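> Quick one, what's the 3D model for this:
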Amino acid sequence: MQTTWEPYKGFSKVPQGKHKHAHSRGFRKEICKILNTDDEAIVAISWCPGHHGIIGNKEADKLAKLGAKLQPEQPNYKTQAYIVALHKCEMLEAWRYRWLNTLNPPRAWFQPANIIPPTLKPMERFLTMDQKMFSRLIQCWMGHAHTGEYYKHFVPTQTIECPCGAAIQTCQHITLECKNHNCHRHILGYGRHTQWGRLTGTFKGITKLITFIKHLNAFDKQANVQDLDMRVRRR
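Predicted structure coming up:
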């Protein structure tokens, strides 16, 4: 009978197969060796939390660490967790190699923000920010925001001027120059800390940029003046 150990379920039958429960069968095989060697041996498997003063827990940790240092009987045997971790490392290494060897010309809009090495884990800002703020940050990075520069290329019916009077509204203008947001610009810092490359390409700069965006709605979609006039006339 094939058996496996599952938390809170005990031993139960599992299907046969080449790739099904391979590591579980190896574990059960070792347990059977212990039981066959000593008729009086009793094996009990249970989960216990760490750092709760449970007797024998620290000793078990020491034994586990010593066991990890022993020379394995089957040096070519690899656990599924090890293979997955190895595959992730290889994938990340290939990704970063391609990223480092891909041209990042200054004329590309995303160039200032494309200096942080890629990672397989979600960034902290992705885990802590709400959906709206995260989308506004990405729009600010990519330039695909509700600004005059974007409207000039993709929505010609929208006005491209900034409400402050600038000829064309850009993300850099809103963040660093627009006089309508002078009261919040101290959030970004002063001097070299306000350079666009630092605000979009460093962790500290991104944190400041997020706080700045939270305090204004300049990157939200604004109603077109012509559309408002048409609505008033219809009423």
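
> Sort out which residues of the helix or strand where E90 lies are buried, please.
When elements are defined using DSSP states H and E, E90 is found to belong to helix 80-100. Going by neighbour count (16 or more other C-beta atoms under 10 Å), nothing in helix 80-100 comes out as buried. No exception for glycine: its C-beta is placed from N, CA and C like everyone else's.

> Can we start the residue count at 3 from this point?
OK, 3 is where the count begins now, so the last one is helix 82-102.

> what element comes up after it heading to the C-terminus?
With DSSP H and E, the next secondary element past helix 82-102 is helix 126-130.

> Report back the residue of this structure that's furthest from centre.
Distance from the C-alpha centroid of the chain, by C-alpha atoms, centre = their mean, peaks at D41 (51.4 Å).

> Give the helix, strand or coil label for that one.
With DSSP: H, G, I helix; E, B strand; the rest coil as the basis, the three-state label of D41 is coil.

> re earlier: which neighbouring elements make contact with the helix holding E92?
Contacting helix 82-102 under the criterion 3 or more C-beta pairs under 8 Å, 6 or more residues apart in numbering; DSSP states H and E is no other helix or strand.

> all helices of the chain, in order?
Along the chain, counting by DSSP state H, helices occupy 24-39, 59-71, 82-102, 126-130, 133-144, 150-156, 173-174, 198-203, 205-216, 227-236.

> highest average neighbour count across these?
For the helices of the chain, ranked by mean neighbour count under the definition mean count of other C-beta atoms under 10 Å, the leader is helix 173-174 at a mean of 20.

> Now for the nearest residue to K154 once chain neighbours are set aside: which residues touch it?
In space, K154 comes closest to I162 once its chain neighbours are excluded; the distance is 4.8 Å by C-beta to C-beta, 6 or more residues apart in numbering. Counting by C-beta atoms under 8 Å, 6 or more residues apart in numbering, I162 makes contact with G150, E151, Y153, K154, A169, I170, Q171.

> how far away is I162 from F221?
In this structure, I162 and F221 are 15 Å apart, going by C-beta to C-beta, to the nearest Å.

> one step back: identify whichever of the helices of the chain lies nearest to C185.
Smallest distance to C185 across the helices of the chain (C-beta to C-beta): 11.2 Å, for helix 205-216.

> Using PDB, write out every CA atom in that closest one.
As requested, C-alpha coordinates have been extracted for helix 205-216 and formatted as PDB (Å, rounded to 0.1, in the frame of the first residue of the first chain):
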ATOM      1  CA  PHE A 205      14.400  53.600  -4.300                       C
ATOM      2  CA  LYS A 206      14.500  56.800  -2.200                       C
ATOM      3  CA  GLY A 207      13.500  58.900  -5.200                       C
ATOM      4  CA  ILE A 208      10.600  56.600  -6.000                       C
ATOM      5  CA  THR A 209       9.400  56.800  -2.400                       C
ATOM      6  CA  LYS A 210       9.400  60.600  -2.600                       C
ATOM      7  CA  LEU A 211       7.700  60.600  -6.000                       C
ATOM      8  CA  ILE A 212       4.900  58.300  -4.600                       C
ATOM      9  CA  THR A 213       4.300  60.700  -1.700                       C
ATOM     10  CA  PHE A 214       4.300  63.700  -4.100                       C
ATOM     11  CA  ILE A 215       1.700  62.000  -6.400                       C
ATOM     12  CA  LYS A 216      -0.500  61.300  -3.400                       C
END
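
> how far is that helix from where the chain is centred?
Mean-position distance between helix 205-216 and its chain equals 17 Å (C-alpha atoms, centre = their mean, to the nearest Å).

> which secondary structure elements does it contact?
Contacting helix 205-216 under the criterion 3+ C-beta pairs under 8 Å, 6+ apart are the following elements: helix 126-130, helix 133-144, helix 198-203.
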